[in-house]
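> Here you go, sequence then predicted model.
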Amino acid sequence: MSVSAIRRLILIALLLAISAALSIATPTFLSLDNIMTLLQEASLTGIIAIGFTLVLITAGIDMSIGAVVAITAMICINFISYTQLPAYLYIPIALAIGCAIGGVNGFFITYFKLPEFIVTLATRGILAGLALIAAVKDDQGFVKNVFIQDEIFLSLGETVGPVYIVVIVFLVLAVATQFFMKRTRACTNIYAAGANPTASRLSGIHVERTLIGVYMFSGFCAALSSIFLSARMMTAMPEFGIGNELDVIASVVIGGTPFTGGVGDIWGTIIGTLFIALIKNGILKLGLSPYIQPIVIGGIIIVTVVVDVWYKAYAEKKAAQAARRKAMQSKEVGA
């Protein structure tokens, strides 16, 4: 059994164990309303995490995802407040801008050879500032909480039966991305670029184009999540998404995509997203302070990375020992 399969089984076992414990501690945990809310929260994070997974597979990082959520929300609220454009026109514009932001990140990273962390962190700061500037303000210049009246837009926050539309979109996007990752040559290039970019270039892979495409997809996913978040909240604020990077990173890393790149998939990210959503929901259901959430999630990231580093060193040691034994056996046969 592969390491990724073992990790998933452990995560699923933890999910079941924590769920059982919470159902005993808080009777409302297994209520339909709470389960649907948990899945909605997981989906909003999970949509972003899908794009972030591809970035991490290339051994990159995208710290601008939260700010893309914020600027997308401001783009939508400005279209709603100051224009008569219907939702089916300004939503694609907002998604295209999210893609463009990712493309700019990828361009500076690949063609200027700048560190991914620095580029995307700078983009995060720029977008966060632009979101505040673009926010709808009152006569005194303070950010105004504008409630969305567009029925088409608000319908994205509703349900189909008991299931929120965002949950359906998350699952469809996850399945489509997983299929793309396992069935297309383009995604083979993504894994290769993350594992060894130099060898990938020598084999004819256009690494720069691949990386730009990955960051564009990450921007698209963040913008898509922002639209569903705004529809759910029935408003849009410039702080939307800011600080959510921790949840996204934790979901992807716990799901089995390491910072070193070259491996990972969407199934693991789905499980990781559900795990983080369960932890956050459980903290609230137990009546604990919400300020504990980032402490717990940060600790989970550290533990996961430590285990990954330890296992990698262990695997390399075992491989070296096996190579030495094979070499000694070859010498004995030769003698």
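Good, I have the coordinates. Every value quoted in this text rests on a predicted model; they were computed, and no experiment measured them.

> Any idea what residue 164 is bridged to?
Under the criterion DSSP bridges, residue 164 forms beta bridges with residue 159.

> correct me, but it touches residue 43?
Yes: here residue 164 lies in contact with residue 43, judged by Cβ atoms under 8 Å, at a distance of 7.1 Å. Every residue, glycine included, has its C-beta placed from N, CA and C.

> Pick out whichever of those two has more residues nearby.
Neighbours were counted for residue 164 and for residue 43 using other Cβ atoms under 10 Å; residue 43 has more, 27 against 24.

> The residue nearest the centre of the chain: what's it in contact with?
For the chain, the residue whose C-alpha lies nearest the mean C-alpha position (Cα atoms, centre = their mean) is residue 49; its distance is 1.5 Å. Under the criterion of Cβ atoms under 8 Å, 6 or more residues apart in numbering, the contact partners of residue 49 comprise 221, 248, 251-252, 255, 269, 272-273.

> where's it, which helix or strand?
Here residue 49, judged by DSSP states H and E, is contained in helix 32-57.

> Show me which parts of that helix are buried, residue by residue.
Going by neighbour count (16 or more other Cβ atoms under 10 Å), the buried part of helix 32-57 is 34, 38-57.

> Equivalent analysis for stretch 93-106, please.
Residues 94-95, 97-99, 101-106 are the ones in stretch 93-106 that count as buried (16+ other Cβ under 10 Å).

> For the protein, which segments are assigned as helices?
Read by DSSP state H, the chain holds these helices, from start to end of the chain: 3-25, 32-57, 65-82, 87-111, 116-134, 151-154, 165-183, 185-195, 197-202, 207-233, 245-254, 266-285, 292-334.

> Which of these comes out lowest on mean pLDDT?
Between these, the lowest average pLDDT goes to helix 292-334, which shows a mean of 85.

> name the helices or strands packed onto that one?
Identification of packing neighbours for helix 292-334 by 3 or more Cβ pairs under 8 Å, 6 or more residues apart in numbering; DSSP states H and E yields helix 245-254, helix 266-285.

> among those helices, which is nearest residue 5?
Distances from residue 5 to each of the helices and strands packed on helix 292-334 were compared using Cβ to Cβ; the shortest belongs to helix 266-285, at 9.8 Å.

> Give me the ChimeraX select line for the contacts of residue 49, limited to the buried ones.
Typed into ChimeraX, the next command selects the buried ones out of those (criterion: 16+ other Cβ under 10 Å):
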select :221,248,251,252,255,269,272,273
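
> Name the nearest of the contacts of residue 49 relative to residue 111.
Minimum separation from residue 111 among the contacts of residue 49 (Cβ to Cβ) is found for residue 221, which lies at 22.9 Å.

> Provide a list of residues in contact with the spatially closest residue to residue 152 that is not a sequence neighbour.
On the basis of Cβ to Cβ, 6 or more residues apart in numbering, the spatially nearest residue to residue 152 that is not a chain neighbour turns out to be residue 87, at 4.0 Å. For residue 87, the contacting residues are 150, 152-153, taking Cβ under 8 Å, 6+ apart as the criterion.

> what's the answer for residue 113, then?
Taking Cβ under 8 Å, 6+ apart as the definition of contact, residue 113 has no neighbours.

> gap between it and residue 135?
According to Cβ to Cβ, to the nearest Å, residue 113 and residue 135 sit 35 Å apart.

> can you check residue 259 too?
Remark: distance between residue 259 and residue 135 (Cβ to Cβ) = 34 Å.

> Comparing those two, which shows the higher neighbour count?
Under the criterion of other Cβ under 10 Å, the comparison of residue 259 against residue 135 puts residue 135 first, with 21 against 14.

> Is that one in contact with residue 74, as I believe?
Yes: between residue 135 and residue 74 there is a contact at 5.8 Å, judged by Cβ under 8 Å.

> Now list whatever residues contact both of these two.
Between them, residue 135 and residue 74 share the contacting residues residue 238, judged by Cβ under 8 Å, 6+ apart.

> Find the nearest non-adjacent residue to residue 28, please.
Spatial nearest neighbour of residue 28, chain neighbours left out: residue 34 (5.8 Å); criterion: Cβ to Cβ, 6+ apart.

> The helix holding residue 49 versus helix 165-183: what angle between them?
For the pair helix 32-57 and helix 165-183, the angle between their directions (axes from the mean of the first three to the mean of the last three Cα atoms, to 10 degrees) equals 30 degrees.

> can you give me the angle helix 32-57 makes with helix 3-25?
Orientation of helix 32-57 against helix 3-25 (the same axes, to 10 degrees) gives an angle of 160 degrees.

> Run a quick neighbour tally on residue 212.
Neighbouring residues of residue 212 were enumerated by other Cβ under 10 Å; the total is 21.
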